[in-house]
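In: Just a sequence and a predicted model for now, questions to come.
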Amino acid sequence: MNMRLLWVFFVTLPLYAFLGCSQHVSQVGSGPVPVPVSPVKPVIRDVAGDAGGNYHAQRLSGDFAGYPAAERFVDKMVAQHGFSREYLYGLLSQAQRKEWTIEYMNKERPTTKPKPGGWTRYRAKFLDDRHISAGASFWARHASVLQRASQEYGVSPEHILGIMGVETIYGANLGNHRIIDALSTLAFDYPRRAEYFESELESLLIMSRNERQDPSRPKGSFAGAMGLGQFMPSSFLKYAVDFNGDGLKDLWDPEDAIGSIANYFSEFGWRPGEPVVSPAEVQGNQIEGLTAGFDTKYSLATLASYGVRPTLNFPGDEVSLLKLSVTNGDDYYVGYPNFYVITRYNHSTYYAMAVHQLGQAIKQRYQGR
């Protein structure tokens, strides 16, 4: 099937939805699971005009009629970005409020600390034969593109694949929710994160105008993430690249998705050739005086003074101490700067470790070990 004939940028596939459907681990799993966050402001072209699609209405009707937040959003997009009010009224009048989205966001809101053995259960979701085999097959099909991305951005192919595997199993779990519905629902009727999702809705419209596409067409996760790498719209604006040179930024296209994930890591400071993580040997119980987490910063000398030494002999400057809860206790690791870069995709130690370990398993399978 020619994707361009169906939809020149936003590919809609009849795949099952997010979780129980698609798996975007920014909202799932048994480890820390923050809502996806965009680390930078989107790139916005200083142009006026509307995005694609033939929308026109004199007032806001439909599911969001009478919502003050929706009216304020229209005012903002007209005043700040030059959209026409009639276009926005027409577009938002056909957007649908998704009660299920709100219920799911409330369900996934972290309320307690991770239970013992959380890492063991979380890891099992991704380090299975389905993810590993699919990743090795994807590598075989796109080896030249992965090599080019690695050369241009310095990011190892296995970590690009680790992201795709955890996020969508290489396109198998893209999600089938309209992005306009998800973001409108959360922007106008989910006060706890309304500011964030309103910003993402803003980015969706800017993205659609930049790409000359209909903003009602793209489909993805229930919270608005898109494509093989599950970028939010603001991340698309900042990091998506046209890696196949066809003039389009298409995150449903494997080549553009590979280049965009590599660019994302590169922009956050990926260090080519450096390790990501090392198991740590722990002596005594002095480690109880240290805080663990992907955002901790220690010198190797400081860790050594607490009886913690990485098994990998690499002279890292600032490293993090990682603790993962397994069924029979805790495992400790030392995270290098590249581990922290992975957490910029999702602020979770479990997530970043799953990406890394899945990538290593895929590499071993691909190389026939």
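Out: Alright, I've got the coordinates.

In: how much space between residue 289 and residue 226?
Out: When distance is defined by C-beta to C-beta, to the nearest Å, residue 289 is 43 Å away from residue 226. (Each C-beta comes from the backbone N, C-alpha and C, glycine too.)

In: who's more crowded, those two?
Out: Between residue 289 and residue 226, residue 226 has the larger neighbour count (other C-beta atoms under 10 Å), namely 25 against 7.

In: what separates the more buried one from residue 193, distance-wise?
Out: If you measure residue 226 against residue 193 using C-beta to C-beta, the figure is 18 Å.

In: what about the helices in the stretch 51-200 of the chain?
Out: 68-81, 85-93, 99-107, 118-126, 129-141, 143-153, 157-168, 179-189, 194-210 (DSSP state H, counting those that start in this stretch).

In: for those helices, which one sits closest to residue 366?
Out: Residue 366 lies closest to helix 129-141 among the helices of the stretch 51-200 of the chain, at 4.3 Å (C-beta to C-beta).

In: tell me the mean pLDDT for that closest one?
Out: Across helix 129-141, the average pLDDT comes to 98.

In: Please apply the same query to stretch 84-93.
Out: Stretch 84-93 comes out with an average pLDDT of 98.

In: start to end distance for stretch 207-223?
Out: 17 Å (C-alpha to C-alpha, to the nearest Å).

In: That one: which residues count as buried?
Out: By 16 or more other C-beta atoms under 10 Å, the buried positions in stretch 207-223 come out as 207-211, 213-223.

In: Run the chain-centre distance for that stretch.
Out: 16 Å (C-alpha atoms, centre = their mean, to the nearest Å).

In: what's the average pLDDT for it?
Out: For stretch 207-223, the mean pLDDT works out to 94.

In: ok, now stretch 240-260?
Out: Mean pLDDT, stretch 240-260: 96.

In: does residue 278 have beta-bridge partners, and which?
Out: Residues in a beta bridge with residue 278, per DSSP bridges, are residue 334.

In: Within its local environment, how many residues does it see?
Out: 20.

In: Could you list which residues are in contact with it?
Out: 310, 311, 312, 314, 333, 334, 336 (C-beta atoms under 8 Å, 6 or more residues apart in numbering).

In: show me the contacts for the spatially closest residue to the second one that is not a sequence neighbour.
Out: Sequence neighbours aside, residue 279 is the residue nearest to residue 311 in space, at 5.0 Å (criterion: C-beta to C-beta, 6 or more residues apart in numbering). Each residue near residue 279 by C-beta under 8 Å, 6+ apart is listed here: 310, 311, 312, 331, 332, 333.

In: which of the residues you listed has the most neighbours?
Out: Within the contacts of residue 279, most neighbours by other C-beta under 10 Å means residue 333, with 25 neighbours.

In: I'd like to know how far that one sits from residue 309.
Out: Distance from residue 333 to residue 309, by C-beta to C-beta: 12 Å.

In: With residue 138 instead?
Out: Counting by C-beta to C-beta, the gap from residue 138 to residue 309 is 36 Å.

In: Do you know the pLDDT at the residue nearest to residue 311?
Out: Residue 279 is given a pLDDT of 97.

In: just use 42 as the starting number from now, easier for me
Out: Okay, residue one is now 42; in that scheme the one you just asked about reads as residue 320.

In: residues near the closest residue to residue 198 other than its chain neighbours, how many?
Out: Closest residue in space to residue 198, ignoring its immediate chain neighbours: residue 187 at 4.0 Å, by C-beta to C-beta, 6+ apart. By other C-beta under 10 Å, 24 other residues sit near residue 187.

In: Over to residue 112?
Out: Quick note: residue 112 (other C-beta under 10 Å) scores 17 neighbours.
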